[in-house]
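K.L.:
model this:
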Amino acid sequence: MKLCKKMKLCKTSIAFLFFLFAIPAYSQKATLGIDVGQTSDKFGGLARTTSVLGDLEGKFTIIERADKEGDPNLVAGGEIRVPADTSSHASEFAVFAGPEFHFGSHFMAGFHAQVRKVYLPSSEVSGQFFDRDKMLLFELPAVVEYKFGSPAKHVFIQAQVSPEFSPHFTVATSPPPSPNPNLDHGYTIRGIAGYNFGRWYARATYETRYFQFKQNLGNPNGLYNWRTDAVTGGIGFSF
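P.N.:
This next block holds a predicted model:
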């Protein structure tokens, strides 16, 4: 079971890598960054665990604005997030697209409609393994960015905020041991600060995500309730 799961993760990772490296050839502008740090996760009443986390993200300008004061850029991209310990932490794969409106040379605001696949880990509870279903999420983060610094505005800060909508679940075992859990509420907040050196940039990122599911047969002992916090830092390149 675990070997098959790892093989599926590898195939998915390869497909996403192909996506991230192939699209820049068809875009007008692109950035590709890699970050490394730590993720801390807590499921229900279980003890919090930590692991090294790797993150690869690409963003591409598919349609560049014609009017510098009004029209938006249309961007698309993807993200791969893989922890060193996949037995206790989730691997994630996402693709996104959306408009980014620029107001002068300092400020940008927009949103990235995205689909995210989350491979939730299993947990051992009282000597028994609890297999969580995979989650497919639709997310709609609002994105704002501010650039400053003299003379070329090299410093940037960015915030992304999104409510979490009810996930679609892929059953981990057959037949399913219980109904799907029902989302009560959830959110994701991401903050980024960095410095642009021209052809490359350095940045630091903090992200917190929270899922609270209703306490019923689909969420035994609250084991789907999930809080994750990640701190990463890395570099990226502009094409």
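K.L.:
C-alpha from now on. contacts and neighbour counts both.
P.N.:
Noted.
K.L.:
Check which helices and strands whichever strand or helix holds Lys42 is in contact with.
P.N.:
For Lys42, the host element (DSSP states H and E) is strand 29-43. Counting contacts by 3 or more C-alpha pairs under 8 Å, 6 or more residues apart in numbering; DSSP states H and E, strand 29-43 packs against strand 49-63, strand 226-238.
K.L.:
Now it: buried residues?
P.N.:
The neighbour-count check on strand 29-43 (16 or more other C-alpha atoms under 10 Å) flags 29-43 as buried.
K.L.:
any idea of the mean pLDDT for that strand?
P.N.:
Strand 29-43 shows a mean pLDDT of 94.
K.L.:
And what about the residue located most distally from the centre of the chain, helix, strand or coil?
P.N.:
Residue farthest from the centre of the chain, counting by C-alpha atoms, centre = their mean, is Pro151 at 32.5 Å. What DSSP: H, G, I helix; E, B strand; the rest coil gives for Pro151 is coil.
K.L.:
For it, give its distance to Ser238.
P.N.:
Note on Pro151: its distance to Ser238, by C-alpha to C-alpha, to the nearest Å, is 20 Å.
K.L.:
coming back round to it: now what about the strand holding Lys42, what contacts it?
P.N.:
Here strand 29-43 makes contact (C-alpha atoms under 8 Å, 6 or more residues apart in numbering) with 24, 48-62, 83, 89, 222-239.
K.L.:
ok, now with 6 Å
P.N.:
Under the contact criterion C-alpha atoms under 6 Å, 6 or more residues apart in numbering, strand 29-43 has outside partners 24, 48-61, 223, 225-239.
K.L.:
Next, give me the two most distant ones among the buried residues of strand 29-43.
P.N.:
Largest separation among the buried residues of strand 29-43 by C-alpha to C-alpha: Lys29 and Phe43, giving 39.3 Å.
K.L.:
now the helices for the chain?
P.N.:
Ranges of helices within the chain are 2-22, based on DSSP state H.
K.L.:
Ile192 pairs with what?
P.N.:
When assigned by DSSP bridges, Ile192 has beta-bridge partners Gln158, Thr205.
K.L.:
pLDDT score for it?
P.N.:
Turning to Ile192, the model gives it a pLDDT of 98.
K.L.:
so it touches Val161, yeah?
P.N.:
No - using C-alpha atoms under 6 Å, Ile192 is not in contact with Val161, being 11.8 Å away.
K.L.:
where does the protein dip in pLDDT?
P.N.:
1-28, 67-70, 172-177 (pLDDT under 70).
K.L.:
tell me the contacts of the closest residue to Gln38 other than its chain neighbours?
P.N.:
Counting by C-alpha to C-alpha, 6 or more residues apart in numbering, Gln38 lies nearest to Val52, which is 4.5 Å off, once chain neighbours are set aside. Contacts of Val52 were listed using C-alpha under 6 Å, 6+ apart, and they are 37-38, 83-84.
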